[in-house]
Structures are given as structure tokens and as C-alpha cells.
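Give the three-dimensional model of this entry:
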Amino acid sequence: MTSFWHPFAEMSKAQHNPFIVDRGEGIYVYDETGKRYLDAAASLWYMNVGYGREEIVDAMAEQMRKLPVFHAFVDYATRPPMELAAQIAAVSPDPDSKVFFGSGGSDAVDTAAKLARRYFGVIGQPERTVFIAREWAYHGMHSYGTALGGMEPNRLGYGGELVSDVVLVPYDDSEAVEKAIDHAGADRVAGIFVEAVIGAGGIRPVSPEYLSSVRETIRAAGALYISDEVITGFGRVGDWFAANLYDLEPDLITFAKGVTCGYAPLGGVVVAPHIAEPFFNTPGLVFRHGYTYSGHTAACAAGLTVMDIIQREGLIQRAKDLEDEIYNALLPLEELEVVAKIRRGVGALAAIQLEVGDDETMPYRAAEVCRSAGVLTRAVGGGALQVSPPLIMTSDQVDEMASLFGAGLRSL
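Residues are numbered from 1 along each chain as shown. This next block holds a predicted model:
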């Protein structure tokens, strides 16, 4: 028996035999018996720079000895969040952007949603409350994120709508976005949340044409384009942000995961200058929102070191190279009866789509047999296995990963 309640877990099973990860090194983790596992999912998408990075630990320790944290409410500040915000803005689509920090991706989504509605209230358009979201989308599990999510099981059982005025559309149909705007009324739409590559919903990329079309449609309606980059940010897709890669010029960008690569909890929102402008230039105007650990000092010290590693080691280019390497290495798995197809992502993202049929348990069993074979992955939306390894992965390790997946899946 355990007192620990695992997220997203069937506790009737998980409480009896948890899989305990003991330590990590590079792209590998080890259980308490010393068995090694290749981490093909970068933990929960975020371990881009790999385990055992002493310089991140040292930067955090040095900062914590000096000052572990001090809140940032009103006019208080510490240097690391100010410096990290400046560096994030510098690699965003507009270097004059502002950055609002929270503790993770769910915080970031709620911040972006509240800020969008508050912005329209400030500029005299309070009727703009409708958000458009996409099927298969995952935007965290706070109230806004749950309501905006396009994975139905995550939305059920909470007693009705957690947030009103949310419209779901197919994830890859730009005309559906136009119809949703027409149905709601263009003057009532606050914005759309878009993952350039659907993550937890199955690693589903869309065409650049879809993204640019939706961006122009939402702009024409006077609403905000909100780029959810909790997964795709900080090198994962071969750029600092997918918004850069596809020239999207979003109004808001949500980020988390890769900003510290999991060494500390941190997330936030990149706010385009025209959205921040009324809040920065109107006396008496306050965005009454924030978290105890917004701009956590030691977490931001970790973020600064992570950004330095990504730049110094060329990990953005490495993510670009991994796109072909991962896809080509996994492609032979399509010969297995249990594999429907290998879905190519963008950068260091891919999915092993399984032949699920009527067996909803199959993806979870597949993840378990892969773990037994020595490679860690997760079941994601629509019956696929997640492939999102650390960006430091070598070509030989890509081949090793594919071999381990094959060994596990053949046992099914």
C-alpha cells in the first residue's frame, strides 16, 4: 500500500507495484535493481538535455545558497527571472515580447486564457469570451486547460462545463475554424489554442498551410492566436518555438517542460508587445493573476543554464537531424502485425501507431512490454506510443531505441 496518489493512474493497480526510477544518466534511467532503460519519451516530453547535467544542478545550488526564492508580486524581483525572461523574449518571434512565469504548462494555459479575456475587457471588447480548441488537443489539467482539451476522457466526470464558451473543432480542418467563428460570431471570439504538433493526443502534425490559414482566419476575426508550445518549445521541433518555424507571429505562446528540462518546475507565457501594451502603459491597470512561485528564483537559474546548453551544444539543429533519423529507424516496425504505421512528427517527435481494434488496453500493454525490453514510452491518444527522446541522442542510440521497441512489440 502507498500514500502516494499517481497522476492519471488506475490506483487499484498502481498502488501495489509502482515502477520506481532510481537514477538517470544521459538518455538512460535505472530502476532500483540497476536495470537500464532508454528513455524514449524524455520522461514527460521535457528531458531535452538529458539526465545528470551537473552544471544545472550547480547553478541551482549556487542560487539557492545565495537566495533560493523570493516572490515577484507587485514590484519585487530577483535577477534570474528578469534575465531568463529577456533571453526567452529574444528567441521568440518578437524580441520586444513580455514573459509571465508560472510553475508549469497548466499554469501557462490558464494564464493565457485569463489574459486573453482580460485583454479584451481592457480594450473595450468584453464580449469576446469564446475560445476555439481542437480535438485531440491537450492543454493541461487546470480548469481552463481541461475545458480546452480535445481528449474526451479528460473532460468527463467534473459536473458539467468547467469553463463556458469553448468550441471544439477537428484538429486538421481550417474550414471548421471559419465555421466556428461564423457560428459564435466573430465579435465574440477571444482566440484559438493551437499545438503545431498535437502532443498527448497522439503526436499529430498538421501542414504549414493549415497553421497559416488558421492564423489568418483568427486574425481577420480580431481574435488571438495562442500557440501552445509546452511540448514543442525549446528545441523539440528544430527551433526555439514552432511559432518561429512556421512564421506564425502568435499573440501568446505558452511554454514549460523544455525551459528547465524538468530540473525544476517552471512555465509561462510569451506575450506579444501589442497584448502587453495596455497593461504596461495604463496607470492603475493590474492583471490580477499570478502564482506563489511565478518567477521562482532557483528554477529560473536552471532555465538560464538550460538555454545556454541548448545553444552551446547545437541541440536545435540536432532536433532537426533527429526527425529523419528517428523516422527511418522506426519505419521497419511497420512490418509487425501490431504496428499500423510510424507517424512522422516534426523534429524529435514521432509516434508508433498501433493496430488497436476493439482492445483499448492494447497501447498500455504495448508500453509495458517495451519497458520490459528496456525502452520507456507512453500510450498517447488514439492508440499510439510516444517517441520524443532527449535531443542529445546519438545516431547509434536512435538505432538502439528502434531495436528495443522492436523487441518489446514482437512479444505482443
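
Ile88: what's its closest spatial neighbour, skipping adjacent residues?
Among residues not flanking Ile88 along the chain, Val99 sits closest, at 5.2 Å (Cβ to Cβ, 6 or more residues apart in numbering). (Glycine included, C-beta is placed from N, CA and C.)

Gly412: neighbouring residues, count only.
Just so we're on the same page, residue 412 is Leu rather than Gly. By the criterion of other Cβ atoms under 10 Å, Leu412 has 16 neighbours.

Please disregard the earlier target; I meant Pro153.
If we define neighbours as other Cβ under 10 Å, then Pro153 has 9 of them.

I'd like the next helix or strand past the helix or strand harbouring the residue nearest to Ile88.
Val99 is part of strand 98-102 when elements are defined by DSSP states H and E. Note on strand 98-102: by DSSP H and E, the next helix or strand toward the C-terminus is helix 105-122.

same for that next one, what does it pack against?
strand 98-102, helix 143-148, strand 189-194, strand 224-228, strand 252-255, strand 267-271, helix 273-281 (3 or more Cβ pairs under 8 Å, 6 or more residues apart in numbering; DSSP states H and E).

For the stretch 301-412 of the chain, which segments count as strands?
For the stretch 301-412 of the chain, the strands defined by DSSP state E, counting those that start in this stretch occupy 339-344, 350-354, 375-376, 379-380, 384-387.

out of those, nearest to Ile326?
For the strands of the stretch 301-412 of the chain, proximity to Ile326 was assessed by Cβ to Cβ; strand 350-354 is nearest, at 5.0 Å.

distance between that closest one and the chain's centre?
Put simply, strand 350-354 sits 18 Å off its chain's centre (Cα atoms, centre = their mean, to the nearest Å).

Stretch 385-396 too?
Here stretch 385-396 is found 16 Å from its chain centre; the criterion is Cα atoms, centre = their mean.

Alpha carbons of that stretch, as CSV, please.
What follows is stretch 385-396, C-alpha atoms only, in CSV (Å, rounded to 0.1, in the frame of the first residue of the first chain):
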residue,chain,number,x,y,z
LEU,A,385,3.2,5.1,-28.5
GLN,A,386,5.1,8.3,-27.8
VAL,A,387,8.5,8.8,-29.2
SER,A,388,10.2,12.1,-28.0
PRO,A,389,13.7,11.3,-26.8
PRO,A,390,16.2,13.7,-25.4
LEU,A,391,17.8,15.9,-28.0
ILE,A,392,21.3,14.7,-27.1
MET,A,393,20.5,11.3,-28.6
THR,A,394,23.2,10.0,-30.9
SER,A,395,22.6,8.1,-34.2
ASP,A,396,23.7,4.8,-32.6
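
And for stretch 195-210, what's in contact with it?
45, 134-138, 150-151, 171-172, 174, 211, 227-232, 237, 242-243, 245-246, 248, 343-346, 349-351, 353, 380-384, 386-388 (Cβ atoms under 8 Å, 6 or more residues apart in numbering).

Quick one: closest of the helices and strands packed on helix 105-122 to Gly295.
Nearest to Gly295 among these is strand 98-102 (4.3 Å), distances taken as Cβ to Cβ.

Could you dump the helices and strands packed on helix 105-122 into JSON lines and include mean neighbour count and mean pLDDT?
Converted to JSON lines, the helices and strands packed on helix 105-122 look like this (neighbours: other Cβ atoms under 10 Å; pLDDT from 0 to 100):
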{"stretch": "strand 98-102", "mean neighbour count": "24", "mean pLDDT": "98"}
{"stretch": "helix 143-148", "mean neighbour count": "24", "mean pLDDT": "94"}
{"stretch": "strand 189-194", "mean neighbour count": "26", "mean pLDDT": "98"}
{"stretch": "strand 224-228", "mean neighbour count": "27", "mean pLDDT": "98"}
{"stretch": "strand 252-255", "mean neighbour count": "29", "mean pLDDT": "98"}
{"stretch": "strand 267-271", "mean neighbour count": "28", "mean pLDDT": "98"}
{"stretch": "helix 273-281", "mean neighbour count": "15", "mean pLDDT": "98"}
